[in-house]
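Colleague: give me coordinates for this.
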Amino acid sequence: MAEYLTKGEDIPAIEQAYHCLSRWGDTLPEWLKNTIPLERLAMNMKALKGEERTGTDVEACAYLMTASLTQPLGHDWAQFYLFLSTQVVRRNRKTEIPQDIAVEELSDYTWGSCAG
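Modeller: The predicted structure is shown next:
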């Protein structure tokens, strides 16, 4: 899902999600920061088995969270952020996003707009 966030190997995993958005990385919740290296490790294990190495949903979620603090997100990016947040929170926090902001699926247009 987060192919556009593929980064070089020389940056520590926790910094990859927010290194270019200085001053906002410290606003990420600890559980999210702690999840980034775990999902990166799982991605690296998949890559060893032949899958394409990409950024993870958690990294994309962290990046978009900090990006949303620097400027408002457009509609498609906001939908993409809420979609990722819904998935990441369910998977890692074992809880639900409030129904009024949960995004269960994205339109083909939004996928195309954000994958650009």
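
Colleague: where does pLDDT dip in this protein?
Modeller: In the predicted model of the chain, residues 1-23, 116 satisfy pLDDT under 70.

Colleague: which stretches in it count as helices?
Modeller: Taking DSSP state H, the helices of the chain run over residues 13-16, 30-48, 57-70, 75-93, 108-115.

Colleague: quick one: which of these is nearest residue 101?
Modeller: Nearest to residue 101, of all the helices of the chain, is helix 75-93, at 5.8 Å by Cβ to Cβ. Placement of C-beta: from N, CA and C, glycine included.

Colleague: tilt between the closest one and helix 57-70?
Modeller: 130 degrees (axes from the mean of the first three to the mean of the last three Cα atoms, to 10 degrees).

Colleague: ok, residues contacting helix 75-93?
Modeller: Identification of contacts with helix 75-93 by Cβ atoms under 8 Å, 6 or more residues apart in numbering yields 1-2, 31-32, 35, 57-58, 60-61, 64-65, 67-68, 73, 95-97, 101-106, 109-110, 113-114.
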